[in-house]
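> How does the following fold in three dimensions:
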Amino acid sequence: MTISLKLRAGVAAISAAACLAFSASSALSADLVISNWDGYMAKDIAETFKAATGLEIEVVNHATNEEIMGKLMASGGKGYDVVFVSSPFAEILNGQGLAEPLDKAAIPNLANLYPEAAALAYDPGNAYSVPYTWGTTGLCYRSDLVKTPVDSWNALLTPDAALEGKTTMLATDRWLMAAGLLSLGYSVNEKDPAKIDAAKNKLIEAKKTLLAYDDTTFYSKLVSGEAQLVQAWDGWCNYGITENKDIKFVVPKEGSDLWVDTIVVMKSSEKKDAAMKFINYILDAKNHAWAAQNILYNVPNKPAMESLDPALAKQYPTMGLPAADLVKYELLRDLGGSMKDYSKAVSEIKAAN
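Numbering: from 1, shown residues only. The predicted model follows:
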């Protein structure tokens, strides 16, 4: 199986030139300009979409949500027709008036979504965004090496002596803070400064026991044995399981987040009809199943998930998680002004000795 890695966190092996690898002339000649993470769609998407619709697309890679959001905010969304961003950022785009309401009559394949995917709190009814992939975050570990129970965020934040120096945490603000907040019984969307500060202090203590903050190679460290217990997105833990069957994933008893990566049409786009056709194409069960098969994330598309080989969920248990169970986790939301408090806390954590 070929696995395409979604470079969610920014330590991506993509040069700045690659991220901007389309000329003004090619962008103008394309029917659509789409920005997405590298490897998050089939490599032949441009060819197959043109064969199906006669429309040409130009795909531009972004390494992080923050990168593409910076460009969209600076340009008022101009230069892009369709963007893939995580749900809090889709929420921001809508709040800033940059997201185009979906023309549902032009997207009949919206019917393929699970009912739960049409009832997400940041965009009830999919008014301006379509969920592309979804999942959760938890603990990924070497079951053959870790001898103590792995069922709590505290297994990572206050590890046994045998695990000190053999753990990693995600460096991205929302997920790093989420581990600290959840371990204290708080919300992943907590806005109370005192609770944010308490989570920060706990994470500063946890830093003393870490091997590293790592958003992109933690599963490789598990495979080699350099790390034994890591904070991980479910799909990325699956990349490790591909190489070592002793790697397991668990959602801690304190709970976790529900993350959703979405597709948004820019209000500034002059090619909205083509953009709606692109979304409808992605939501075709066969096309959407590609993401599940190759990225090893769940997709919120019922017939797509039902089309998967049952062996996939046997090898990767997270792929068998029902939609109704997945949405029990706490949805990541736009924090508004509190995001600066998270950023400040993470800066202080990383600067601490």
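
> Please state the mean pLDDT value computed over whichever strand or helix holds residue 264.
Residue 264 belongs to strand 257-265 when assigned by DSSP states H and E. Averaged across strand 257-265, the pLDDT comes to 97.

> Let's see that strand as PDB, backbone CA atoms only.
Output in PDB follows, covering the C-alpha atoms of strand 257-265 (Å, rounded to 0.1, in the frame of the first residue of the first chain):
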ATOM      1  CA  ASP A 257     -10.600  16.000  20.200                       C
ATOM      2  CA  LEU A 258     -12.500  15.500  17.000                       C
ATOM      3  CA  TRP A 259     -10.600  17.100  14.200                       C
ATOM      4  CA  VAL A 260     -12.100  17.700  10.700                       C
ATOM      5  CA  ASP A 261     -10.300  18.700   7.500                       C
ATOM      6  CA  THR A 262     -12.700  20.500   5.200                       C
ATOM      7  CA  ILE A 263     -13.100  21.900   1.700                       C
ATOM      8  CA  VAL A 264     -14.100  25.500   1.300                       C
ATOM      9  CA  VAL A 265     -14.900  27.500  -1.800                       C
END
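
> Quick check: next helix or strand after that strand?
Next along from strand 257-265, by DSSP H and E: helix 272-282.

> Can you name the element that comes right after that next one?
Past helix 272-282, the next helix or strand by DSSP H and E is helix 285-295.

> in the strand holding residue 264, what's buried?
Of all the residues in strand 257-265, those buried under the rule 16 or more other CB atoms under 10 Å are 257-265. Using the backbone N, CA and C atoms, a C-beta is placed for each residue, glycine as well.

> of these, closest to residue 31?
Lowest distance from residue 31 to the buried residues of strand 257-265 (CB to CB) belongs to residue 265, with 13.3 Å.

> What's the separation between that closest one and residue 106?
Per CB to CB, to the nearest Å, residue 265 is found 11 Å from residue 106.

> okay, and the common contacts of those two?
residue 276 (CB atoms under 8 Å, 6 or more residues apart in numbering).

> what's the helix or strand for residue 130?
strand 129-142.

> which other helices and strands contact the helix or strand just after that strand?
Once strand 129-142 ends, the next helix or strand along the chain (criterion: DSSP H and E) is helix 154-157. If you count contacts as 3 or more CB pairs under 8 Å, 6 or more residues apart in numbering; DSSP states H and E, helix 154-157 packs onto helix 173-183, helix 193-207, strand 229-233.

> let's see 7 Å
Counting by 3 or more CB pairs under 7 Å, 6 or more residues apart in numbering; DSSP states H and E, the packing neighbours recorded for helix 154-157 are helix 173-183, strand 229-233.

> who's in contact with it?
By CB atoms under 7 Å, 6 or more residues apart in numbering, the surrounding residues in contact with helix 154-157 are 139, 148-149, 167, 169, 179, 183, 202, 206, 229, 231.

> which parts of that helix are buried?
154-157.

> so what's residue 29 scoring on pLDDT?
68.

> same thing with residue 311?
95.

> picking that back up, and the helices and strands packed on helix 154-157, which is most packed in?
strand 229-233 (a mean of 26; mean count of other CB atoms under 10 Å).

> Can you get me a residue count around residue 66?
Counted by other CB atoms under 10 Å, the residues lying close to residue 66 total 15.

> looking at this, it is in a helix?
Yes: under DSSP: H, G, I helix; E, B strand; the rest coil, residue 66 falls within a helix.

> separation between it and residue 263?
18 Å.

> for residue 75, same thing?
19 Å.

> now the contacts of helix 154-157 as CSV including distance to residue 50?
Formatted as CSV, these follow (distance: CB to CB, whole Å):
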residue, distance to residue 50
139, 43
148, 54
149, 52
167, 46
169, 42
179, 43
183, 49
202, 52
206, 49
229, 46
231, 40
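
> Surely residue 150 touches residue 141?
Yes: with contact defined as CB atoms under 7 Å, residue 150 reaches residue 141; the gap is 5.2 Å.
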